[in-house]
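[1] No letters, just coordinates:
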């Protein structure tokens, strides 16, 4: 059975969500897409033509189906895929009800987030030109994301009215439409001011609601921002794969490494659970081990064992 076009379009958008919002690895994205496509085929077999038509009954039946016979690790991955799909569909307002309480997956070890080094961040932020509106916009977006730790959807969804330049605070509407106030640094404020002042005539002509817009005056998409960040990474000579979510991870990790309070980082990131934020302590630990291995003089000496 082939997926309907409506399901195909939704799965493609979900793929972008996994890559840009959640920063999942290539292998995880491939596995989740396979699991979600199986879920979509299951819904089609029930004469349901889109995810919006799924009810609690179908979701419960699917969860029961994948929980029978499979290994714990496979069950966990499939349930994680459905749970992340639920988050995506709620964020996109396709599902009005949160079915996540139905999806109690077995606990597995979480991956340590990949981050950029401080040097790589500086190279990336320095790449956009200051000579044209679109690259000034991109520079402002990169500065704001690194200075505030916003999710990609939150960054693209920033409205002009959300900014308080004087207080250096931004109003963010996050997951579940929860609103939080996040401080933004002077560098980000300066980059945003530079972009807005340079684009003033264009803004007067288009009257945009959103801060970061295309050359047609439309809201910039997550996909376009992802393509742009890859372009600047290539220009900066960053050879490994880079995803927008890595700037959010870098924001948290670098703050923690500089001595910031974990609870404060949790609030700025918009996490509902401190355990989610605590994963960054493992990133910091890994960085310390790497620094020790690379620079401690005893690690550079040839090891000689006593006889």
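    Yes, it's here. Everything numeric here is computed off the predicted structure, so don't read it as measured data. Numbers count the residues shown, from 1 in each chain.

[2] Run a quick neighbour tally on the residue nearest to residue 212 when sequence neighbours are not counted.
    Of all residues not flanking residue 212 in the chain, residue 220 sits nearest, at 4.6 Å (C-beta to C-beta, 6 or more residues apart in numbering). Placement of C-beta: from N, CA and C, glycine included. Neighbourhood size, residue 220 [other C-beta atoms under 10 Å]: 21.

[3] what's the answer for the one 4 residues further on, then?
    By the measure other C-beta under 10 Å, the count of residues near residue 224 is 15.

[4] Likewise for residue 234?
    12.

[5] Using the record's assignment, carve this protein into domains.
    Residue ranges for the domains of the chain, per automatic domain parsing: 5-102, 118-246.

[6] Output the below-cut-off pLDDT ranges for this structure.
    69-70, 96-111, 283-307 (pLDDT under 70).

[7] cutoff 50 now
    For the chain, applying pLDDT under 50 flags the ranges 106, 288, 292, 295-296, 303, 305-307.

[8] how about stretch 258-275: buried residues?
    For stretch 258-275, a neighbour-count test (16 or more other C-beta atoms under 10 Å) marks 265-266, 268-271 as buried.

[9] To clarify, my last question referred to stretch 59-75.
    For stretch 59-75, by 16+ other C-beta under 10 Å, it's 59, 62-63, 66, 75.

[10] same check, this time on stretch 213-221
    Those would be 213, 219-220, for stretch 213-221 by 16+ other C-beta under 10 Å.

[11] could you dump those to JSON lines with secondary structure and distance to residue 4?
    Formatted as JSON lines, the buried residues of stretch 213-221 follow (DSSP: H, G, I helix; E, B strand; the rest coil; distance: C-beta to C-beta, whole Å):
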{"residue": "213", "secondary structure": "strand", "distance to residue 4": "33"}
{"residue": "219", "secondary structure": "strand", "distance to residue 4": "27"}
{"residue": "220", "secondary structure": "coil", "distance to residue 4": "29"}
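
[12] Nearest to residue 259, out of the domains of the chain?
    Nearest to residue 259, of all the domains of the chain, is domain 118-246, at 14.8 Å by C-beta to C-beta.

[13] before we move on, back to that, okay, the buried residues of stretch 213-221 in CSV with distance to residue 87 next?
    Below are the buried residues of stretch 213-221 laid out as CSV (distance: C-beta to C-beta, whole Å):
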residue, distance to residue 87
213, 27
219, 21
220, 22
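
[14] which one of those residues sits closest to residue 132?
    In terms of C-beta to C-beta, no member of the buried residues of stretch 213-221 lies closer to residue 132 than residue 213, at 14.0 Å.

[15] Would you mind measuring from the closest one to residue 157?
    12 Å (C-beta to C-beta, to the nearest Å).

[16] what do the two both touch?
    Contact with both residue 213 and residue 157 is made by residues residue 219, according to C-beta atoms under 8 Å, 6 or more residues apart in numbering.

[17] Would you mind listing the buried residues in the helix or strand containing residue 204?
    Using DSSP states H and E, residue 204 sits within helix 200-206. Neighbour counts over helix 200-206 (16+ other C-beta under 10 Å) mark residue 203 as buried.
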